[in-house]
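>>> next come a sequence and a model predicted from it.
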Amino acid sequence: MSDGETARPVRPRPRLRTLGIAAGLLAFTVFAANEVGFDASTSWEMWSNPLWEKFWPIPWDWVLDRSNVLDPLVETFQIAILATIIGCGLALPISFAMSRLTAPNRPVYLVSRSVMNVVRAVPDLFWAKLLVTAVGIGAFAGTWALSVFSLAVMVKLFSETVDNADPRPLEAARASGSRYLPAVRTGVLPTVLPEYVAYALYVFELNIRASIVLGLVGAGGVGRVLEAQRQFFRFDRVLGMLIIVFVVVFVIEQVSVALRKRLV
Amino acid sequence: MTATQSPPTESRPTPPTGVKRRRALIAITLIVGAAWSVTGIDVTLERLLEAPGDAWDIFKRLWPPAMDEALNRGVIGKVFESVYIAWVGTIIGAVLSLPLAFLAATNVAPRWIRIPVRQLFNAIRAVPELIVAVIFIPITGLGPWAGTLAIGLHSVGTLGKWATEAIEGVDTGPLEAVEATGGRWVSGMRWGVLPQIMPIVASFWLFRFEINVRASAVLGMIGAGGVGAELVSQLIFRNFPAVGAVLGITVLVVLTIDTMSAAMRRRIIAGAARTSGPDLDADRNAEALANLTGFRR
């Protein structure tokens, strides 16, 4: 530096451990790619697969016929609405039970938290399939499955909001001799309610998307039609349906986003 | 100003006007929505009352799990196949999304390319993995490669969006320094932006990997490889102890990967010195809330 030399700074040599980690990750990736059947030649050949032609042309007559796509789609949305109401309704008390700030006592806190962690670890469609087996194929099972799923997502999001709520109103209520429920109701609930509503609408959007695939495992809605057409190799109908479904979903989401901005 | 001694009032303060009306409006909307939805779903009171009992019956029979049978059928291998699918899918998503994110960020990309790339991310995020897999299965055939492609393509949407946001939040100093020495656009990105975003982007990849492990478990249910197929076939035979074992192993692996990956993310963000750094999940939730509602705490 001091002798005015303008040499480039020497690049630090990578540490042995860094190289080791990189090599390990690379080896794991190669191994995993091999396991899932990755093959450079087939991954290009698949784009020239003649089956692509079966996706075209889209039979608009069939797709736009009410009973084929639109009616099941409405059923899908009914599942999503009901599941959102049930799931978010149950999530309100459970979130308060599993937040450090408002848990009534330690056992309730620990039990609700660990049960919810396990519920969330089971993927949503596993719930759907289990409940289809339990209560029969159809929208009824789908509603239950999606309710469980919304409950799991909602308590995760909302209990963290409760964790971060201002503890002072709650302390004030407790100090003035309030019992547990009124203290939570007047000390915490008003400060977190706007976020509750925003999250509920967000969960509703998630449910709209999730309810579309429920039918793939027999839990009702538009996915049932999708599954049937897929099994008959009518990919042109599948593609047409998907276009309609995603246009409608997009419109509903825009409405929900606008509503959320207005509410909060 | 001195505090005046006001006589204690017995009456509670009345809520502001309009609150009651708004509450009634919300309640009516919810009730009407629920009622309309119930009409579409074949619910009878009888069925509603029986359902929890039926479900409980099934759940009871999941215990004790038939671990031996599950192990003999190679469930562990199937779960690992799901993990491989998630890993390769995440890598495909990461490799495709990182260059695209540079083209979508407001501060480094021109408008004409930014808008279409952003719309591409939005469109990809709108289509669930399962639907992508439904489209790919006829082309690639049943098996893990269909699931890998579906997860890889779907990951591009979220990973691209998060990386774009990371790029938009960088310090512009290094970028200006590169430009001042005559560096081209690519050099600016490589030496001015990439080193700044790499830790957070790597933690996004890990986060997406956690999500993908769950997604790939589900993908097996429609024949795209992994543990889902095993669950479906055991349920068809109503072999509930085996179902319990499959569920138990899956949950165990999912939770283990979540925990490991969360620890790694924390370490990447906070550095080796402070392994108990900021909680990315909480940050991301706050961030998601801000994006959703337009307000920040």
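Done, it's in. Since the structure is predicted, the reported quantities are computational estimates derived from the model, not experimental observations. Residues are numbered from 1 along each chain as shown, chains lettered A, B, ... in the order given.
>>> drop to CA atoms for contacts and neighbour counts, all remaining ones
Noted.
>>> residues from the stretch 1-150 of chain A in reach of chain B?
By CA under 8 Å from any CA of the partner chain, the residues of the stretch 1-150 of chain A that approach chain B are A:29, A:32-33, A:35-38, A:46, A:49, A:51-52, A:75, A:77-79, A:81-82, A:85, A:118, A:121-123, A:125-126, A:129-131, A:133-135, A:139-140.
>>> now restrict those to buried residues only.
Listed as buried from the residues of the stretch 1-150 of chain A next to chain B are A:29, A:32-33, A:35-38, A:52, A:75, A:77-79, A:81-82, A:85, A:121-123, A:125-126, A:129-131, A:133-135, A:139-140; burial here means 16 or more other CA atoms under 10 Å in any protein chain shown.
>>> how about the helices in the chain?
All of this is about chain A. Using DSSP state H, the helices of chain A run over A:16-35, A:40-45, A:60-64, A:71-97, A:106-121, A:124-135, A:139-163, A:168-175, A:180-187, A:189-214, A:222-231, A:235-263.
>>> can you look at chain B instead?
B:19-40, B:45-61, B:67-72, B:75-104, B:111-126, B:129-140, B:144-168, B:173-180, B:185-187, B:194-219, B:228-236, B:240-270, B:280-293.
>>> among those, which is the most enclosed?
Highest mean neighbour count among the helices of chain B (mean count of other CA atoms under 10 Å in any protein chain shown): helix B:144-168, with a mean of 26.
>>> low-confidence bits of the stretch 51-200 of chain A, can you list those?
Along the stretch 51-200 of chain A, the model assigns pLDDT under 70 to no residue.
>>> nearest to chain B: which residue in it?
Distances between the stretch 51-200 of chain A and chain B by CA to the nearest CA are smallest at residue A:78, namely 4.3 Å.
>>> for that residue, which non-adjacent residue is spatially closest?
residue B:37 (4.3 Å; CA to CA, 6 or more residues apart in numbering or on different chains).
>>> same check, this time on residue A:57
Closest to residue A:57 by CA to CA, 6+ apart is residue A:236, at 6.3 Å.
>>> so what's the residue in chain B positioned nearest to chain A up against?
Closest to chain A within chain B is residue B:37: 4.3 Å, counting by CA to the nearest CA. Residues near residue B:37 by CA atoms under 8 Å, 6 or more residues apart in numbering or on different chains: A:75, A:77-79, A:81-82.
>>> which one among those residues gets closest to residue B:115?
residue A:77 (30.4 Å; CA to CA).
>>> correct me, but residue A:149 touches residue A:121?
No - contact criterion CA atoms under 8 Å: residue A:149 and residue A:121 do not qualify, at 10.4 Å.
>>> shared neighbours of the two, anything?
By CA under 8 Å, 6+ apart, no residue touches both residue A:149 and residue A:121.
>>> okay, the residue of chain B closest to chain A: pLDDT?
Looking at residue B:37, its pLDDT reads 84.
>>> centre-most residue in the chain?
Defaulting to chain A. Of all residues in chain A, the one closest to the mean position by CA atoms, centre = their mean is residue A:206, 5.4 Å from it.
>>> switch to chain B, please.
residue B:211 (5.0 Å).
>>> circling back to that earlier point, isn't the residue of the stretch 51-200 of chain A closest to chain B right next to residue B:40, touching?
Yes - the pair residue A:78 / residue B:40 is scored as a contact, 6.6 Å apart, by CA under 8 Å.
>>> quick check: the nearest residue to residue B:69 once chain neighbours are set aside vs residue B:235, distance?
Leaving aside its chain neighbours, residue B:69 sits nearest to residue B:242 (6.7 Å; criterion: CA to CA, 6+ apart). Shown here: residue B:242 relative to residue B:235, a distance of 9 Å by CA to CA, to the nearest Å.
>>> where in the stretch 151-297 of chain B is pLDDT low?
B:271-297.
>>> who are the contact partners of the closest residue to residue A:101 other than its chain neighbours?
Nearest non-adjacent residue to residue A:101, counting by CA to CA, 6+ apart: residue A:163, 5.6 Å away. Residues in contact with residue A:163 (CA under 8 Å, 6+ apart) are A:99-102.
>>> among those, which one lies nearest to residue B:246?
Nearest member of the contacts of residue A:163 to residue B:246, counting by CA to CA, is residue A:99, at 30.8 Å.
>>> burial count for that closest one?
23 (other CA atoms under 10 Å in any protein chain shown).
>>> which ones are touching it?
Contacts of residue A:99 (CA under 8 Å, 6+ apart): A:109, A:159-160, A:162-163.
>>> the residue in the stretch 151-264 of chain A that chain B sits nearest to and residue A:194, how far apart?
Closest contact between the stretch 151-264 of chain A and chain B, by CA to the nearest CA, is at residue A:261 (5.3 Å). According to CA to CA, residue A:261 stands 11 Å off from residue A:194.
>>> what's the answer for residue B:104, then?
32 Å.
>>> and if you look at residue B:122?
26 Å.
>>> same question, residue B:126
Distance from residue B:126 to residue A:194, by CA to CA: 26 Å.
>>> residue A:160 too?
Taken as CA to CA, the span from residue A:160 to residue A:194 is 14 Å.
>>> settle it for me: which of those two has more neighbours?
Comparing residue A:160 with residue A:194 by other CA under 10 Å, the one with more neighbours is residue A:160, at 21 against 15.
>>> tell me the spacing between the more buried one and residue A:97.
For residue A:160 relative to residue A:97 (CA to CA), the value is 12 Å.
>>> cool, residue B:67 as well?
From residue B:67 over to residue A:97 (counting by CA to CA), the distance is 34 Å.
>>> ok, residue B:88 touching residue A:35?
No - when contacts are counted by CA under 8 Å, residue B:88 is not listed as touching residue A:35 (9.8 Å).
>>> picking up where we left off before, which residues touch the residue nearest to residue B:69?
Counted by CA under 8 Å, 6+ apart, residue B:242 has contacts B:62, B:65-67, B:69-70, B:234.
>>> swap in residue A:188?
Neighbours of residue A:188 in contact, by CA under 8 Å, 6+ apart: A:162, A:165-167, A:169-170.
>>> right, and the residue nearest to residue A:57 touches residue A:60 too?
No - if you go by CA under 8 Å, residue A:236 and residue A:60 don't touch, sitting 9.5 Å apart.
>>> what about the two, which has more around it?
Counting neighbours by other CA under 10 Å for residue A:236 and for residue A:60 shows that residue A:236 has the greater number, 20 against 12.
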